[in-house]
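Student: need a structure here:
(one chain, ligands or ions: 1)
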Amino acid sequence: MDKLTTWVNVPADSDFSIYNLPFGIFSTSDLSPRAGIAIGNKIVDLAGLARVKILPIDPAILEQNTLNDFISLGKATTSAVRAVVQRLLCNDDALRQNYPQLLVDMADATMHLPVQVGDYTDFYSSIEHATNIGTMFRGVDNALMPNWKHIPVGYHGRASSIIPSGVDIHRPKGQVMPKDATAPVFQASGRVDFELETAFIVGKDTTLGENISTKNAEDYIFGMVLFNDWSARDIQKWEYVPLGPFLGKSFASSISPWIVTLEALEHFRVAGPVQEPAVLPYLEYSGNKNYDIALEVSIQPKDAEEKVVSRSNFKYMYWNMAQQLAHHTINGCNMKIGDMMGSGTISGKDESSYGSMLELSWAGTKPLTMADGSTRVFLKDYDTVIMRGHAEKDGIRVGFGEVRSQVLPAL
Ligand code: CA
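Tutor: Numbering: from 1, shown residues only. Take a look at the predicted model:
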């Protein structure tokens, strides 16, 4: 990869290096919501660049509160915009000398949901996670269901409750069946949990009946975000048979606000796990379809320091994004720009890398100790959950920033 040097002061540990340049929607006290690109601790105002005609795009497309219309211009255009901004931030003086006001301090900006999510699907594609959950509920000999190595298992989630980092949630209430009880009770969930995931944003429509092949699936992926799939384990346990997750999941799902493009992640491709038994032909793929992205989760109790409770990696995923898209469309289901696909909880091979409290505390039997000495088996009120992720190789760092949200008491 060519070495790039930017005139913007980018801290060495910044996720938003000159090689990254993710897209998001931001606003400030002076600027209405609009498209931006992150660089270090700054945001490039893309709408402003279009207004002064440095970007050959109708500014109205960039002065919106979602990126959907921008994404619909197609990857050739969105990639070209990213390339222009990269040039402006390196060895072109047009922005630096003539329009310094188009570089906004991140500290002055509010980040918004980057896209309007039409439909949201969550997969279950980490073999370590599926094995852990299956072991807890069915025993080690029946941990994986018979379909698991043949199908990227998923369910349709709720798009309306997807929220950006920084928006707090309330502990949900619902029906739970207490242990040894004979009838369910209505109460605030006592088992609120996070799930460490990534999600990808669909960048190209398909028509009803059309299939996406694993060969060109990446043409349909605009980029990725971090994703916290909040879960209420007690509500989920009582409701999930036979149709799967419902109110135990739909109360909120948090995403990081910057969409990291697959181009930015290209340098970090790695091979995925060997899939045995062989998958059906429509799920076969070639090349490196996984990405080496280090992920971590911290819990910060009220008035205490945060503590990292999990370190995992996206490279562990058994089913890759291309297979997920191929499977999702093999029945003719159409994709829409802005649709979001969750990876499923990303657990690694040992208990320091498990992606949920359910696994870390092994169904509530092994408490975790926080920085202030208090213990957790599930989340308590006023706990803040922070997820971070980045790829790093050859001195090049490309990251997601963070997704952060606090659990407030039930309403
Ligand atoms: Ca999930």
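Student: where do the helices sit along the stretch 301-411 of the chain?
Tutor: Counting by DSSP state H, counting those that start in this stretch, the stretch 301-411 of the chain has helices at residues 321-329, 357-360.
Student: So what's the gap between stretch 294-312 and the chain middle?
Tutor: Computed by C-alpha atoms, centre = their mean, to the nearest Å, the chain-centroid distance of stretch 294-312 equals 17 Å.
Student: got a list of what the closest residue to the ion within the chain touches?
Tutor: Residue nearest to the ion within the chain: residue 229 (3.7 Å; C-beta to the ion). To be clear about C-beta, it is placed using only N, CA and C from the backbone, and glycine gets the same treatment. Residues counted as contacts of residue 229 (C-beta atoms under 8 Å, 6 or more residues apart in numbering) are 122, 157, 194, 195, 197, 249, 253, 342, 345.
Student: Please enumerate residues in contact with the worst-scoring helix or strand of the chain on mean pLDDT?
Tutor: Here the helix or strand of the chain ranked lowest by mean pLDDT, DSSP states H and E is helix 127-138, holding a mean of 94. Contacts of helix 127-138 with the rest of the structure, by C-beta under 8 Å, 6+ apart, involve 124, 142-145, 148, 153, 273, 316, 318, 344-349, 353-356, 358-359, 362-363.
Student: got it, and stretch 105-114?
Tutor: 23-29, 33, 36, 38, 41-43, 65-67, 162-166, 201, 225, 255, 257-259.
Student: related to what we said a few turns ago, excluding chain neighbours, what is closest to the residue of the chain closest to the ion?
Tutor: residue 195 (3.9 Å; C-beta to C-beta, 6 or more residues apart in numbering).
Student: Centre of the chain to stretch 80-94, how far?
Tutor: Distance, stretch centre to chain centre, for stretch 80-94: 27 Å (C-alpha atoms, centre = their mean).
Student: Show me which positions of that stretch end up buried.
Tutor: For stretch 80-94, the neighbour count (16 or more other C-beta atoms under 10 Å) marks 81, 82, 84, 85, 86, 88, 89 as buried.
Student: and the residues you listed, which of them are in strands?
Tutor: With strands taken from DSSP state E, there is no overlap with the buried residues of stretch 80-94.
Student: Turn these into JSON lines, including distance to the ion and pLDDT.
Tutor: Shown next, in JSON lines, are the buried residues of stretch 80-94 (distance: C-beta to the ion, whole Å; pLDDT from 0 to 100):
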{"residue": "81", "distance to the ion": "32", "pLDDT": "98"}
{"residue": "82", "distance to the ion": "30", "pLDDT": "98"}
{"residue": "84", "distance to the ion": "37", "pLDDT": "97"}
{"residue": "85", "distance to the ion": "33", "pLDDT": "98"}
{"residue": "86", "distance to the ion": "34", "pLDDT": "97"}
{"residue": "88", "distance to the ion": "39", "pLDDT": "97"}
{"residue": "89", "distance to the ion": "36", "pLDDT": "98"}
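Student: Of the residues you listed, just say which sits nearest to residue 207.
Tutor: Taking C-beta to C-beta as the measure, residue 207 sits nearest to residue 81 out of these, at 26.2 Å.
Student: quick one: contacts for the closest one?
Tutor: 46, 55, 57.
Student: where's residue 259 relative to residue 41, distance?
Tutor: To residue 41, residue 259 is 18 Å away according to C-beta to C-beta, to the nearest Å.
Student: Compare neighbour counts for the two and give me the winner.
Tutor: Higher neighbour count among residue 259 and residue 41: residue 259, with 24 against 14, using other C-beta atoms under 10 Å.
Student: show me what contacts the more buried one?
Tutor: Residue 259 neighbours (C-beta under 8 Å, 6+ apart): 22, 23, 24, 67, 114, 115, 201, 222, 223, 224, 225.
Student: where does the fourth one fall, phi/psi-wise?
Tutor: In other words, residue 67. phi -90, psi 0 (degrees, to the nearest 10).
Student: heads up, I number from 45, so please use that
Tutor: All right, first residue 45 from here; so that's residue 111.
Student: got the buried residues for the biggest strand by length in the chain?
Tutor: Looking across the chain with DSSP E, the single longest strand is strand 440-452. Residues of strand 440-452 classed as buried: 440, 441, 442, 443, 444, 445, 446, 447, 448, 449, 450, 451 (neighbour count, 16+ other C-beta under 10 Å).
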